[in-house]
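K.L.:
below are the sequence and a predicted model; questions follow.
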Amino acid sequence: MTATLEATAPSSAGEIPSFTVTLRVRRFNPEVSEESTWEDFTVEAHGTDRVLDALHKIKWDMDGSLTFRRSCAHGVCGSDAVRINGRNRLACKTLLKDVNPDKPITVEPIKGLPVIKDLVVDMEPFFASYREIMPFLITTGNEPSKERYQSPEDRARFDDTTKCILCAACTSSCPVFWTDGQYFGPAAIVNAHRFIFDSRDEGGSQRLEILNDKEGVWRCRTTFNCTEACPRGIEVTKAIQEVKRAMITRAF
Amino acid sequence: MQTHQYDVVIVGAGGAGMRAALESSKEARTAVISKLYPTRSHTGAAQGGMAAALANVEEDNWEWHTFDTVKGGDYLVDQDAAEILAKEAIESVLDLERMGLPFNRTPEGKIDQRRFGGHTRDHGQSAVRRACYAADRTGHMILQTLYQNCVKQDVEFFNEFYVLDLITDHDLTTEEIAAGEEVNATGVVAYDLATGELHVFQAKSIIFATGGAGKIFKTTSNAHTLTGDGMALAYRRGLPLEDMEFFQFHPTGLAGLGILLSEAARGEGGILRNSEGERFMERYAPTIKDLAPRDIVARSMANEVREGRGAGPNKDYVLLDLTHLEPAHIDAKLPDITEFARTYLGIEPYTEPVPVYPTAHYAMGGVPTNIKGEVLRDGVNVVKGLYAAGEVACVSVHGSNRLGTNSLLDINVFGKRSGRAAAEYAKTASFHELPEDPTVRVVAQLDEMRNRPDGERVADIRKALQDTMDLNAQVFRTGDSLNEALTDIRALQKRYRNASVQDKGKLFNTDLLEAIELGFLLDIAEVTVVAAINRKESRGGHYREDFPDRDDAHYMLHTMAYRRPPEASDKAEGHVKGYFDHVEEFDGYKVVLGSKPVVQTRYEPMERKY
Ligand SMILES: Cc1cc2nc3c(=O)[nH]c(=O)nc-3n(C[C@H](O)[C@H](O)[C@H](O)COP(=O)(O)OP(=O)(O)OC[C@H]3O[C@@H](n4cnc5c(N)ncnc54)[C@H](O)[C@@H]3O)c2cc1C
Ligand code: SF4
Ligand code: FES
């Protein structure tokens, strides 16, 4: 079957020609077989098409059973973290032309979470860790009658970690997490960081205590995989280091 | 099949759904059902800000905000609702701050505010700083903050559950309801994506918060999952949809892609230019120029392109120029959207102007509600126990054109109100009996789609729909173009009856759900076009080249559209002979139009000039 071309690129991008590309996709459907397999699909791609566009072409024009999550299609909802050529990325933010389309591009589910079907993994363990670090503002006393004040400098202190979209690209690229699913993982620590360094928050010591657990921050071996994987450009390893340092310096 | 009983069931976990959940779960046993993980909802894509007359950086007050909202909506706004929106804005921003939302701050530590289109000081004197924001990811921070507080409050979620039917104790498509008789919403039917199992939720109160329907168009800022589900479900059960002809086209979508570049880009000083480098908005809106409301800017852009002043090799877009802004300023205030330009178009906004063109953005219309969030079943009466909030609803605070930053506000104000009202109602109401087999319609629909051997591809039908909507029902419309669209939609509805899916399995069958969503899209596109054909005037987001003027004498009314079987009545509440009495026959059903008066309190309609 031939894939129909969809002109998704503006005319300004006309200089980048169309090309054919092969996606080598990891397939798994427990209703059919307990084994997972590789399947190749060749599609016609436009200059600025993303991996998600190619996955859609496969699903829409060739094989409707190919299963993956997606929603926003521009890198803000965190649905479509997958392993592309062995690296965790968002399918909607990865241009085909940037991942060497001359060779088959491999697309697999992110690692360390149970695969449900094709590229879809069970995210529940990931969200469970997130919920455990108390990812919400903790304050004491009466609410102020207007807003709480915060200086621009204090606000900037935790800006980086507010960008997290909970895509799990970081956590599922972490070798510690692969071998020990109990490890909180970078994303949970990033979200703890977002509150620990928020000047309005008073729950820092509780969170630090949780992360001091044997499955907490000390398991991080600073491999930087997470920082490389983060599609939001968050300095994940740095955030983890800052949380470690806070544990040493803050008495809790 | 599994059954559940909750006092309150909320359908949708975007901003409106979660804001409602935070209220109702404090008072009543509440479940939130969402087809996406809450944090994947499209509220997270909102960029620019949330309006509230805090007056943190300059003089402002809620009355000015009300006026701007009414005028921005080209006077089709219900003014009582707009007043509530503007008044309660202040508390709802403060609520979010207290919940932990990291707003940008002024030097003295208050919530910072910036300019946005159509928001002015003293009834249009000049632009005012009213938008509260967190860089250009305000919606992301709202969605995260609300989810965080749901975690804190231990709100119960059913994630990746698709609600596919609404159950009421009367069939509103055919029954004539006697005066004084109650109609009750009794439950919803949901499909668990992971297992393919159906779940019936019986509830005293149900809140629809399913968001928009942008995927009826090809070029859109909306997510793939914004398929108008809640609107279509209510509509199919005989409830009216209000003002569906009004869809907002946001001026600055990345050309060819539709990905949004927030109006904040212009709020921070960005300028639109044509191929000649001219700042053309000076001609169309001399006072506030690039910060005129969206309908005006979008039409001006499309007009520049039409008159041959478009940029690029095909002269089919205009340019958003940020090159005169300091890179540090861009990085501080507009980091995400400038990255979109880099990632998806390979354009460096520090040094090159960005190609932009209008993109389908926001449904002003939707499920009609009163100011408590209760859903109307005609011009006056409500369905007991049924509420709607957010983009799925039409209160109507946006009239025929929504002002930027008023939707994040809407979801918070009316999410909160509906959550409270739903919980309050559940305290005194009792459960109503469900029909013997509540899933019968959904089972039939799913089986038919799954078992149809080999038919048309869902994606082909969807693409044809989106193409005709972009071509014929976009920024500029005429009777001819709209009829063209309607002819196409009729044909596509037929083809849809022959559509099939390839994945026949139970587990995580997104192929099947995309097919079901296409059914929603077709129904929503159809009613949008029927209402647009009927409205022979130009107002806000609905621009008819064959009727370029606003016609208050005949059209200062909300459109109410009902879908009924062929044998049902041709009369609807608010029947106005020659203007709101159209009946459009389809194969097996018809669309009947009626109307509802616009609530006017303080402001007399005036000509809209900026
Ligand atoms: C790119 C972009 C930028 C924007 N920027 C701004 C801005 O700066 N300021 C502003 O005021 N407004 C902005 N808007 C508009 C505003 O963001 C939206 O109108 C608003 O967030 C809608 O919120 P919601 O809660 O109604 O819907 P959504 O956030 O879309 O949530 C819908 C929810 O319903 C669920 N759902 C849908 N169908 C079903 C079903 N069948 N069964 C179960 N669950 C279902 C989904 O899972 C989701 O949880 C922007 C919009 C876009 C697209
Ligand atoms: S830190 Fe980055 S990679 Fe990790 S979940 Fe958040 S956004 Fe994704
Ligand atoms: S689809 Fe939303 S992040 Fe990729």
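P.N.:
Okay, I see it. Ligands and ions are numbered 1, 2, ... in the order given.
K.L.:
show me where the stretch 151-300 of chain B has its strands.
P.N.:
For the stretch 151-300 of chain B, the strands defined by DSSP state E, counting those that start in this stretch cover B:156-159, B:161-168, B:185-192, B:198-208, B:241-242, B:247-254, B:271-273.
K.L.:
average pLDDT across the third one?
P.N.:
Per-residue confidence for strand B:185-192 averages out to 98 on the pLDDT scale.
K.L.:
got the angle for it vs strand B:198-208?
P.N.:
Angle between the axes of strand B:185-192 and strand B:198-208 is 130 degrees (criterion: axes from the mean of the first three to the mean of the last three C-alpha atoms, to 10 degrees).
K.L.:
burial of the nearest residue to residue B:219 once chain neighbours are set aside, as a residue count?
P.N.:
Excluding the flanking residues, the one nearest residue B:219 by C-beta to C-beta, 6 or more residues apart in numbering or on different chains is residue B:258, at 4.1 Å. All C-beta atoms are positioned from the backbone trio N, CA, C, and that covers glycine. A count of neighbours around residue B:258, defined by other C-beta atoms under 10 Å in any protein chain shown, yields 24.
K.L.:
show me the contacts for residue B:258.
P.N.:
Applying C-beta atoms under 8 Å, 6 or more residues apart in numbering or on different chains, we find residue B:258 in contact with B:218-221, B:359-360.
K.L.:
quick one: which of those is nearest to ligand 2?
P.N.:
The nearest member of these to ligand 2, counting by C-beta to the nearest ligand atom, is residue B:221 at 21.1 Å.
K.L.:
my read: the closest one touches residue B:356, true?
P.N.:
No: counting by C-beta atoms under 8 Å, residue B:221 sits too far from residue B:356 to count as a contact (11.6 Å).
K.L.:
between the two, which is the more surrounded one?
P.N.:
More crowded of residue B:221 and residue B:356, by other C-beta under 10 Å: residue B:221, with 31 against 26.
K.L.:
quick check on the more buried one: phi, psi?
P.N.:
Dihedral pair for residue B:221: phi -90, psi 0, per degrees, to the nearest 10.
K.L.:
per-residue confidence at it?
P.N.:
In this model, residue B:221 carries a pLDDT of 97.
K.L.:
do residue A:197 as well
P.N.:
For residue A:197, the pLDDT comes out at 97.
K.L.:
residue A:7 too?
P.N.:
Predicted confidence (pLDDT) for residue A:7: 39.
K.L.:
what does residue A:4 give?
P.N.:
Residue A:4 is given a pLDDT of 38.
K.L.:
what's the neighbour count on the residue of the stretch 351-500 of chain B found nearest ligand 1?
P.N.:
Residue nearest to ligand 1 within the stretch 351-500 of chain B (C-beta to the nearest ligand atom): residue B:390, separated by 2.4 Å. For residue B:390, the neighbour count with other C-beta under 10 Å is 31.
K.L.:
mind checking the SS state of it?
P.N.:
coil (DSSP: H, G, I helix; E, B strand; the rest coil).
K.L.:
quickly list what's touching both of residue B:221 and residue B:356.
P.N.:
Between them, residue B:221 and residue B:356 share the contacting residues residue B:253, judged by C-beta under 8 Å, 6+ apart.
K.L.:
strands of chain A, residue ranges please.
P.N.:
Remark: strands assigned in chain A by DSSP state E are A:19-27, A:37-45, A:81-84, A:87-90, A:105-108, A:115-117, A:120-121.
K.L.:
now check the longest helix seen in chain B, is it near chain A?
P.N.:
Longest helix of chain B, by residue count under DSSP state H: helix B:510-534. Yes: on the criterion C-beta under 8 Å from any C-beta of the partner chain, helix B:510-534 is in touch with chain A at B:510-511.
K.L.:
which residues are in contact with the helix or strand just after that helix?
P.N.:
The element immediately downstream of helix B:510-534 (helix or strand, assigned by DSSP states H and E) is helix B:552-555. Taking contacts as C-beta under 8 Å, 6+ apart, the residues outside helix B:552-555 that touch it are B:75, B:535-537, B:539, B:576, B:579, B:605.
K.L.:
buried sites along helix B:552-555?
P.N.:
residue B:555 (16 or more other C-beta atoms under 10 Å in any protein chain shown).
K.L.:
mind checking how far the residue nearest to residue B:219 is from residue B:339?
P.N.:
For residue B:258, the distance to residue B:339 (C-beta to C-beta, to the nearest Å) stands at 17 Å.
K.L.:
stretch B:41-50 and ligand 2, any residue contact?
P.N.:
No: Stretch B:41-50 stays clear of ligand 2 (C-beta under 6 Å from any ligand atom), getting no nearer than 11.7 Å.
K.L.:
and the end-to-end length of that stretch?
P.N.:
Taking C-alpha to C-alpha, to the nearest Å, stretch B:41-50 runs 17 Å from one end to the other.
K.L.:
and for stretch A:109-118?
P.N.:
End-to-end distance for stretch A:109-118: 7 Å, by C-alpha to C-alpha.
K.L.:
do that stretch and ligand 2 meet?
P.N.:
No: Stretch A:109-118 stays clear of ligand 2 (C-beta under 6 Å from any ligand atom), getting no nearer than 10.1 Å.
K.L.:
picking that back up, in a markdown table: the strands of chain A, plus mean pLDDT, distance to residue B:328 and mean neighbour count.
P.N.:
Formatted as a markdown table, the strands of chain A follow (pLDDT from 0 to 100; distance: least, C-beta to C-beta, whole Å; neighbours: other C-beta atoms under 10 Å in any protein chain shown):
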| stretch | mean pLDDT | distance to residue B:328 | mean neighbour count |
| --- | --- | --- | --- |
| strand A:19-27 | 97 | 38 | 18 |
| strand A:37-45 | 97 | 36 | 16 |
| strand A:81-84 | 98 | 31 | 25 |
| strand A:87-90 | 98 | 27 | 24 |
| strand A:105-108 | 98 | 37 | 22 |
| strand A:115-117 | 98 | 44 | 21 |
| strand A:120-121 | 98 | 40 | 22 |
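K.L.:
reformat these as JSON lines; add distance to chain B.
P.N.:
Formatted as JSON lines, those follow (distance: least, C-beta to the nearest C-beta, whole Å):
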{"stretch": "strand A:19-27", "distance to chain B": "12"}
{"stretch": "strand A:37-45", "distance to chain B": "13"}
{"stretch": "strand A:81-84", "distance to chain B": "12"}
{"stretch": "strand A:87-90", "distance to chain B": "10"}
{"stretch": "strand A:105-108", "distance to chain B": "16"}
{"stretch": "strand A:115-117", "distance to chain B": "4"}
{"stretch": "strand A:120-121", "distance to chain B": "6"}
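K.L.:
ok, which of these comes nearest residue B:466?
P.N.:
Comparison of the strands of chain A against residue B:466 by C-beta to C-beta identifies strand A:37-45 as nearest, at 19.5 Å.
K.L.:
gap between the residue in the stretch 251-400 of chain B that chain A sits nearest to and residue A:60?
P.N.:
In the stretch 251-400 of chain B, the residue that lies nearest chain A is residue B:256 (3.1 Å; C-beta to the nearest C-beta). The gap separating residue B:256 from residue A:60 is 19 Å, by C-beta to C-beta.
K.L.:
tally of neighbours for the residue of the stretch 251-400 of chain B closest to chain A?
P.N.:
Other residues close to residue B:256 by other C-beta under 10 Å number 25.
K.L.:
repeat for residue B:170
P.N.:
Other residues within reach of residue B:170, judged by other C-beta under 10 Å, total 17.
K.L.:
show me the contacts for it.
P.N.:
With contacts defined as C-beta under 8 Å, 6+ apart, residue B:170 is in contact with B:177, B:183.
K.L.:
same question, residue A:186
P.N.:
Residue A:186 touches A:170-171, A:174, A:220, A:226, A:236-237, A:240, counting by C-beta under 8 Å, 6+ apart.
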